[in-house]
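Participant: Got a predicted structure plus its sequence, pasted below:
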There are 2 protein chains.
Amino acid sequence: MVESAKQKYKVSFLPHERKIEVAAGESLIRAALQAGVHVNASCGGGGVCGKCRVLVEDGQVSEGFSDRLTEEDAARGYRLACLARIDSDVTIRIPVESSIDASALNKQVAPRRTATITELDFDTLKEQGLFLPPVIKQYLEIPPPDAQNNMPDVSRLIEGLRQSSEWHKLELTLPVIRKLPAVLRADNFKVTATLVKPVRDDGKTLITNIQAGDTSDKSYAIALDIGTTTVYCQLIDLATGECLGEHGDFNGQISYGEDVISRIMYAEKPGGLETLQQVVVETINRAVNKAVKKSGVDKENISTITIAGNTTMTQLLLAIDPRYLRRSPYVPASTLYPPFVATSIGIDLDEQTIALVFPQISSYVGGDIVAGIMGSGMYRNEELTLFLDIGTNAELVIGNKDWLACTACSAGPAFEGGGIEFGMRAAKGAIEDFLVDPVTFEPMILTIGDEQPKGICGSGLLTMAAVMFEMGLINNNGRFNRDLGTPRIRSTNGIWEYVVAWKDETQIDRDITLSEVDIENLIRAKGAIYSGCMTLLEEVGLTMDSIEKIILAGGFGSYIDLEKAMTLGLLPEIDPARVTYIGNGSLLGARMSALTNAIRKDVVEVTRRMTNFELSETPSYMNNYIAAMFIPHTEIEKFPRLKERMMAKKKQ
Amino acid sequence: MVESAKQKYKVSFLPHERKIEVAAGESLIRAALQAGVHVNASCGGGGVCGKCRVLVEDGQVSEGFSDRLTEEDAARGYRLACLARIDSDVTIRIPVESSIDASALNKQVAPRRTATITELDFDTLKEQGLFLPPVIKQYLEIPPPDAQNNMPDVSRLIEGLRQSSEWHKLELTLPVIRKLPAVLRADNFKVTATLVKPVRDDGKTLITNIQAGDTSDKSYAIALDIGTTTVYCQLIDLATGECLGEHGDFNGQISYGEDVISRIMYAEKPGGLETLQQVVVETINRAVNKAVKKSGVDKENISTITIAGNTTMTQLLLAIDPRYLRRSPYVPASTLYPPFVATSIGIDLDEQTIALVFPQISSYVGGDIVAGIMGSGMYRNEELTLFLDIGTNAELVIGNKDWLACTACSAGPAFEGGGIEFGMRAAKGAIEDFLVDPVTFEPMILTIGDEQPKGICGSGLLTMAAVMFEMGLINNNGRFNRDLGTPRIRSTNGIWEYVVAWKDETQIDRDITLSEVDIENLIRAKGAIYSGCMTLLEEVGLTMDSIEKIILAGGFGSYIDLEKAMTLGLLPEIDPARVTYIGNGSLLGARMSALTNAIRKDVVEVTRRMTNFELSETPSYMNNYIAAMFIPHTEIEKFPRLKERMMAKKKQ
């Protein structure tokens, strides 16, 4: 938790009388937004529109000047909120039109909350006795052979290992036997053996490498996440657990199809599978070589590469025909894959490096999710936890240390900006945060990179829809209130929409809008996920309110405004403090697996006890889906905090 | 025992009054030789010299005519013994010069005896419950997946196998997983799985192949012997145990050195090891492909290739540097080798075929000997057995079901015709059998192929020396009796020799002789082996007379005249009926290993309990060697039967 070390300051907003604590250096406008305080802003946060003029009444801010601000105003303490940085506890007054009733100021949405970010904590791992890498490098000084004792080199090595530690059932591969005679004699029978521990206690320990002299302090592993879009690689020091080098790259398969279905279709063409296999291996090799180069380690000291990917990515990498993954009844080739020599599939590592592949649950719940479950420790938790990886396909796992159930649902591309007229990926110029003036319905928009807006990203979309719902711009069907008297709500070609940014405020020279069609797509996406979760719980005889903890994984999870997600009915309403974000769960799991053999042991049991549900084969799913096609849900009782806020507003 | 089925006839020789039983169609001259009856013969047995005139007094012979025989003689019943074939019980009179004392007729050597030939006996194997191939092909009809049960293909297969039989700890390789989805669906989930049973009961069963439909009746294995000189391959039907195709070829490595030492020296040159590995694989592939073609089986149904070879051949095949095999303290790389995919070292079989390599004991007692021990069943015997494979290097194993000790000794090339002036390999024209007239000292020679002689092969050499010793031509130092008054014993350039065939009787236009130098080389060779055996016994506290059984292996063993070998002191004196010959023990063991998993299980234990002795490190060896440098030995008491014969002769 790097953030926690930073100096925090208190910010008080007047006349709203809202207080918030933010990190030193935060911009005033982001602090306001986080506090749910509207400040007019239409340029995305880059100081262009000059609308976000605020008065610093007390405390220190730096910057905040612009030619949009008169010298006189600056002298009186006015600053542009988007440019000003908080340097102490401050009191800020937001200029409000005199016509506005003070009560309207309280017509605010819940403050912004993102999930607590979980990072690997080695001290805890060590405390729990979990920091036990599956690979051990053992230094040995073996007595050299003589006329009285000329047992074979392999026997001599095994004898040496047995005397140094309680190794049993030791096994060598042919390549190691090939190296052995020369290596043993290179430094007078002083050698370091690399040992990969068995998954089962009664299994065999594999001697995967043998090196002259003492190299026991040089022990590394690679963690690899193969995503449909991106491939991430981390080089890990097994002595410290530290990541020494890291590299991410776009999966070269993208040219052959954006999503898993189009990849599978390509793989079905003659030569298609071979092409896709080679292409992803090229991406992997680029990433691996960059991470290796950054870290400066010798490939010979990299013992394992742990690979996590969804079922399609895994089968494509292993050159296993994926055609049955997309055809009913959706059968993957295997759950478990045997360890194999990484070079055998073309991975550019030493010939002794062993590849370990995360198990798959089903065609649409793959090794990336299993890795996330293992890496997050969810399978060891007491609390009933919802694990959620949101993308075009959303994967859901519910359970705890006693049971686990999982499913996948097609959310559609809305959360990644797809199927939304002005949708875009989370890149510079994407509107990622939004508030609306409760009286004028003017927007406050913040973009990634504080640029003038280009479009709307997934988390921005989610926030906009939630804010519009709470501020009464749309109803629980996602339809606009057409009587608010603002030019921003209009009908174009018979479709109602809200103008988020006027043409001249954008980088794209068009009005950026959010239409009822966009909102309907969003509702379908969130409805699919929520109803998937509900169906899963029903199948095990539980209800949504039994969820005690949520773990978010995947790129989307870090940006998501939890309160907004609950308002919209994407997530069940729980204390946001009980929602954690693990980032790339697949990579986390792969890394954890390299660091602790407990993961490799447990994962077999976890995959065995995880029950997969195919929603298409679960009759209640469609009913649940239809019920979830409202904001937040047909049954508002499932969202008591929101219901309370709605009741309070109605009373005003 | 194919021979035993043949019709036998009694042959009586006069005036010697010797009787012998031979197979129908045998030549008269070979029958005489086997009975120890001398018949003059100098052309090798091809009817050229006409010296072997004999009189058929009673019974039927066919052929035996020649222009060397007058019509008159033929009418009187004379035939050429080398051409005449025995067609009934017969009485044959050998013409003897009138000057000869009848008592001289009894101055004969022991009749020729070769070892009983052991062949694989499937009925016995089956009776003993040993006919249990390590590979099983299991046909399964698996329920196809549906919406209610869409478990992965691998899980479905394993479930099917578990229901059909008690398979546990099943494991698949990546190539099999790759095939699985298509194969399962090719014939509506009717499949045949190939399972390789574990060596240990708690080990894993490997699923090495999966085929559509029922192919369980098509299950084959290859047995491969890699000799320094020749490579033999047999294709075995695992349903019946039969050999369906067989092929032998010279090891292509011969061009890089005749013996293991010169191969090792070549392997030490840059690129040498790679070259030798490729060359032997080429030989293997030729032999394998011919055997496969002959048998007409599909390579996909060949599940295993079991490989036996000496330690050098094994390391060269596996591309393991052999340099330490020829350097004190003579350390091999490994005893046991892991199973591997045959294609991984270049063997031209299906990618699912698993290679199993026989373990090595030491640098000079290799997998060929271990295979012989396993194939002969010696390790299961009660009797104390001497296992002997004679070549340039002789390997000896002594023991029984309770203990085993082994060693190797350098016999030199004498037994293969090397280091002997007129020595040659056992090919056409090689003198393979010999007697000498007790009065005139004229020879009776028989050659391989009944051609005029070209030289002397190993077994011929052994027989000649033994006969000359028993007939008093040489003394127990191997020196010629110079006072016998025959022109055949002469000194050339100061070296005494016996003229076996005069120049004009040979194919090489030179006198073929056997010199004292040749005999000394032979004595060194037999002395090395006998003293090796003695040393081994002494090391375990036993003496030579405790040996109850002898098993001979290798090409040499089938030709060897056991009585002559005992006369010469190569073998200890035991009842020749207790000497068996197993042919190519290495190939036999490889074949047995394909047929019964008991071999694979036992071999680990056998190699563990076999004690290897390095003669060079055993002080008593040199004393034993010097004592063995006589015919038969310094201590004649070790050879009571010979001693008795010698005493009897002295009395005459």
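Facilitator: Sure, I can see it.
Participant: just for the stretch 251-400 of chain A, where's the confidence low?
Facilitator: Applying pLDDT under 70 to the stretch 251-400 of chain A flags no residue at all.
Participant: try it again with 80
Facilitator: A:391-392 (pLDDT under 80).
Participant: just the helices in it please.
Facilitator: A:260-267, A:272-295, A:311-317, A:367-376 (DSSP state H, counting those that start in this stretch).
Participant: who's in contact with residue A:332?
Facilitator: By C-beta atoms under 8 Å, 6 or more residues apart in numbering or on different chains, the contact list for residue A:332 reads A:311, A:315, A:324, A:325, A:360, A:362, A:363, B:152, B:153. Placement of C-beta: from N, CA and C, glycine included.
Participant: how much space between the last one and chain A?
Facilitator: Just to be clear, that refers to residue B:153. 5 Å (C-beta to the nearest C-beta, to the nearest Å).
Participant: picking up where we left off before, figure out which of the helices of the stretch 251-400 of chain A is closest to residue B:87.
Facilitator: helix A:272-295 (70.5 Å; C-beta to C-beta).
Participant: Now do that closest one: which elements does it pack against?
Facilitator: Applying 3 or more C-beta pairs under 8 Å, 6 or more residues apart in numbering or on different chains; DSSP states H and E, one finds that helix A:272-295 makes contact with strand A:220-226, strand A:230-237, strand A:243-250, helix A:260-267, helix A:311-317.
Participant: how many other residues sit next to the closest residue to residue A:346 other than its chain neighbours?
Facilitator: Of all residues not flanking residue A:346 in the chain, residue A:281 sits nearest, at 4.3 Å (C-beta to C-beta, 6 or more residues apart in numbering or on different chains). By the criterion of other C-beta atoms under 10 Å in any protein chain shown, residue A:281 has 19 neighbours.
Participant: Tell me the buried residues in stretch A:117-137?
Facilitator: By neighbour count with 16 or more other C-beta atoms under 10 Å in any protein chain shown, stretch A:117-137 contains the buried residues A:118, A:120, A:125, A:130, A:131, A:133, A:134, A:135, A:136, A:137.
Participant: Lowest-scoring secondary structure element of chain A by mean pLDDT?
Facilitator: helix A:102-105 (a mean of 56; mean pLDDT, DSSP states H and E).
Participant: what helices or strands is the next helix or strand after that one leaning on?
Facilitator: Using DSSP states H and E, the helix or strand that directly follows helix A:102-105 along the chain is strand A:116-117. The contact analysis (3+ C-beta pairs under 8 Å, 6+ apart) places strand A:116-117 against strand A:579-581.
Participant: List the strands paired with the strand it packs on, with their directions.
Facilitator: According to DSSP bridges, strand A:579-581 forms sheet pairs with strand A:116-117 (parallel), strand A:549-553 (parallel).
Participant: Closest to the centroid, which residue in chain A?
Facilitator: Nearest to the geometric centre of chain A sits residue A:554, at 2.1 Å (C-alpha atoms, centre = their mean).
Participant: Of all the helices and strands packed on helix A:272-295, which one comes closest to chain B?
Facilitator: Closest approach to chain B among the helices and strands packed on helix A:272-295 is made by helix A:311-317 (9.0 Å; C-beta to the nearest C-beta).
Participant: quick revisit: can you check which of the strands paired with strand A:579-581 gets nearest to residue B:91?
Facilitator: Short answer: strand A:549-553, nearest of these by C-beta to C-beta, at 101.2 Å.
Participant: who touches the closest one?
Facilitator: Contacts of strand A:549-553 (C-beta under 8 Å, 6+ apart): A:115, A:118, A:369, A:372, A:376, A:378, A:381, A:383-390, A:558, A:560, A:571-572, A:574, A:578-586.
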